[in-house]
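Participant: everything below, folded, please.
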Amino acid sequence: MDRDEDLIRGVGYMVIQASHLEREIEELCRWLGLAFPRPEHHEAIRVSDKIKWCKQKIKDANDHALESLDKALDKTMNLLEKRNKLVHGQIYFASNAPEKIISTKKSVHERELLASEVYDLAENIYELHQSLLGENAFKLVEALKDKINA
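Facilitator: I've put the predicted structure just below:
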């Protein structure tokens, strides 16, 4: 099927990629947890709260080399918010009309949703989860090594 016509597969692809990104956030929490104690049951909290915790610990590490990781976490939050609006909204099909999405929140209005938009979101999430630790692992280890050995 053409990615411009298959909304259902696009949503599935996006959900799978988001789960991988969430796994990377948990991995980042484990790395930061070597230097900073994690709260009890931290692995079970919402991913947005994990991201906030990671951003705070990056700030606590006080190392400018981690600025790119901090910015990547901002991008992560943004992409996951887009995912949430899509997944927690309501998608429906009208006969002879493009797919529509409405949100369960009154502040968000009905709008057209193209399958290509969902695939683009999935691919942006994929690129981010591939690079989040890959591009920042050595910087993170260097920034945390004194705190881990203390």
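
Participant: quick one: the strands in this structure, in order.
Facilitator: Taking DSSP state E, the strands of the chain run over residues 90-92, 100-102, 111-112.

Participant: return the member of those strands having the minimum mean pLDDT.
Facilitator: Comparing mean pLDDT over the strands of the chain, the weakest stretch is strand 100-102, at a mean of 55.

Participant: for this protein, name the helix or strand with the lowest mean pLDDT.
Facilitator: The helix or strand of the chain with the poorest confidence is strand 100-102; it has a mean of 55 (mean pLDDT, DSSP states H and E).

Participant: so Leu80 makes contact with His20?
Facilitator: No. Contact criterion Cβ atoms under 8 Å: Leu80 and His20 do not qualify, at 11.9 Å. All C-beta atoms are positioned from the backbone trio N, CA, C, and that covers glycine.

Participant: the more surrounded of the two?
Facilitator: Neighbours around Leu80 and His20, counted as other Cβ atoms under 10 Å, are more numerous at Leu80. The numbers are 21 against 14.

Participant: quick one, what contacts that one?
Facilitator: Leu80 makes contact with 18, 21-22, 47-48, 51, 125 under the criterion Cβ atoms under 8 Å, 6 or more residues apart in numbering.

Participant: now Arg23
Facilitator: Contacts for Arg23 (Cβ under 8 Å, 6+ apart) come out as His129.

Participant: tell me the pLDDT at it?
Facilitator: The per-residue confidence score, pLDDT, reads 96 for Arg23.

Participant: hang on, the earlier thing: tell me which two of the contacts of Leu80 sit farthest apart.
Facilitator: Ser48 and Ile125 (14.7 Å; Cβ to Cβ).

Participant: what's the burial count for Leu128?
Facilitator: Residues contacting Leu128 under the criterion other Cβ under 10 Å number 21.
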